[in-house]
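[1] Just to be clear, the model below is a prediction. Sequence and coordinates:
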Amino acid sequence: QLQFVESGGGLVQPGGSLRLSCAASGFSLDNYPIGWFRQAPGKEREGISCISNSAPYYADSVKGRFTISRDNAKNTVYLQMNSLEPEDTATYYCALLKPGYVCYSWWIVGSWGQGTQVTVSS
């Protein structure tokens with residue numbers, strides 16, 4: 001059974017950096033599309049970045065600041081977050097996306113992990 005474990009969140013000052021990890025078990029992520037999402041208090045969950053066989057996708061809100069990557073040997077997808085802003089405060093999740101579609105269609109396959117909390121504050 002596929003399970004994701006997100007980690008790497010924490011409290012960081014504005015302008016700081018964090019690297020989130022999305023480790024999968026029970027399933028090989030090789031070449032499958034994976035997305036990063038976030039949900040801020042009182043807001044809907046939104047897709048912010050995804051990686052597939054084509055160029056990575058970034059939402060406008062994170063473009064130029066966040067970088068998604070994958071290590072198939074470790075069955076892990078990462079999200080490097082730089083120049084963090086208070087607006088980036090949210091719980092971050094990863095998910096398997098449905099193959100055969102552009103990854104930013106955000107079609108989720110399976111269930112969510114527990115997420116990792118990112119708080120950007122001085």
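    Looks like it came in fine.

[2] hang on, isn't Gln3 packed against Ala24?
    Yes: proximity of Gln3 to Ala24 meets the contact threshold set by C-beta atoms under 8 Å, at 7.1 Å. Heads up, the C-betas are built off the backbone N, CA and C, glycines and all.

[3] who has more neighbours, the two?
    Ala24 (20 against 13; other C-beta atoms under 10 Å).

[4] a helix runs through the more buried one, doesn't it?
    No: going by DSSP: H, G, I helix; E, B strand; the rest coil, the assignment for Ala24 is strand, not a helix.

[5] Now that it has come up, it's in contact with Asn72, right?
    No: the pair Ala24 and Asn72 does not pass the contact test of C-beta under 8 Å, sitting 10.4 Å apart.

[6] Nearest residue to Gln1 in space, please, no chain neighbours.
    Using C-beta to C-beta, 6 or more residues apart in numbering and skipping residues adjacent in sequence, the residue nearest Gln1 is Gly26, 4.8 Å away.
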